[in-house]
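1. I'll drop the sequence and a predicted model, then ask my questions.
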Amino acid sequence: MEYEAYTRFTRDAARRLAQGDLRRASVILQGLLVSDISDLDKAEICSTMAAINQKLEQDSEALGWYDEGIAYEHPHRRFALSEQKAERLAELGRREEALRIYKDLLTRPYLMEADKHRLRRCIECLPS
């Protein structure tokens, strides 16, 4: 996909989101997911899709979008969506699932010390 087309679609989706047209924004973003854009751009789109589903109070679907985004970012040693999923699980009272994700992330050899510190703080702040 040409960059200009990509930015046109993402701007249109952002405008729709700002207007509260979550369904149309979702359709636009899902169209981008089947294009040839980068995996990391697709991971960001999955994060947005998760946020849309949370706004629609569709937590199961939101968690599924996190999983899809994690699949896109993991081969590139990225983990933003894993953290977002853990945070959402904690918000939903699913402490043990969140804890498993945080602990798994801490085993990754490519984490910077600042990342490890942040993840340990997240673990400490999990509700009992």
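-> Structure's in. What do you need?
2. what about residue 10, how many residues nearby?
-> Applying other Cβ atoms under 10 Å, we find 18 residues neighbouring residue 10. (C-beta placed from N, C-alpha, C; glycine too.)
3. what's near enough to touch it?
-> Taking Cβ atoms under 8 Å, 6 or more residues apart in numbering, we find residue 10 in contact with residue 32.
4. report the contact partners of the residue most central in space within the chain.
-> Nearest to the mean C-alpha position of the chain, counting by Cα atoms, centre = their mean, stands residue 47 at 3.0 Å. If you count contacts by Cβ under 8 Å, 6+ apart, residue 47 has them with 65-66, 69, 80-81, 84.
5. out of these, which are buried?
-> Among these, those classed as buried by 16 or more other Cβ atoms under 10 Å are 65-66, 69, 81, 84.
6. contacts for stretch 104-111, please.
-> 77, 79, 82-83, 86, 115-116, 119-120.
7. can you give me the pLDDT of residue 28?
-> Looking at residue 28, its pLDDT is 97.
8. surely it meets residue 12?
-> Yes - assessed by Cβ atoms under 8 Å, residue 28 is found in contact with residue 12 at 5.8 Å.
9. phi, psi for residue 38 please.
-> When read as degrees, to the nearest 10, the backbone of residue 38 gives phi -70, psi 160.
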